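[1] Only the shape, not the letters, is given here:
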């Protein structure tokens, strides 16, 4: 595995742990943000391995999935589309109060749980282990 791919994976794991800390401290918007960032970096690792090049800078998870040529289960694709959209509003909120209301603890907990599940699945991908 390439050194830059390993770096993406380590950084992705760090971000996933940060999401857990944000949940534990009640910073729910940042749970969503860090979950997205964690998935983004793990997908970048896969793209790097598949293409043997650093991927273009993009926060679009769907685009990174296409570049990785990976087949995810439909429920993962649905969640990734959802978190992809949530990432924009948590990154650049137009109305902070509405964002706080939209992502309470139970939603943040659900996002983190699903992100962990996808994270495990992606790390077991043959594209990373070949």
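    On my side now, so go ahead. As the structure is a computational prediction, the values presented were derived from the model and not from experiment.
[2] ok, and the closest non-adjacent residue to residue 72?
    Leaving aside its sequence neighbours, residue 72 sits nearest to residue 65 (Cβ to Cβ, 6 or more residues apart in numbering; 6.6 Å). The C-beta positions use only the backbone N, C-alpha and C, and glycine is treated the same way.
[3] Tell me the secondary structure at the one you found.
    helix (DSSP: H, G, I helix; E, B strand; the rest coil).
[4] That one: neighbour count?
    Other residues near residue 65 come to 22 when the count uses other Cβ atoms under 10 Å.
[5] Same question for residue 2.
    Residue 2 has 13 neighbouring residues, counting by other Cβ under 10 Å.
[6] Run through the residues that contact it.
    The contact partners of residue 2, taken as Cβ atoms under 8 Å, 6 or more residues apart in numbering, are 48, 49, 52.
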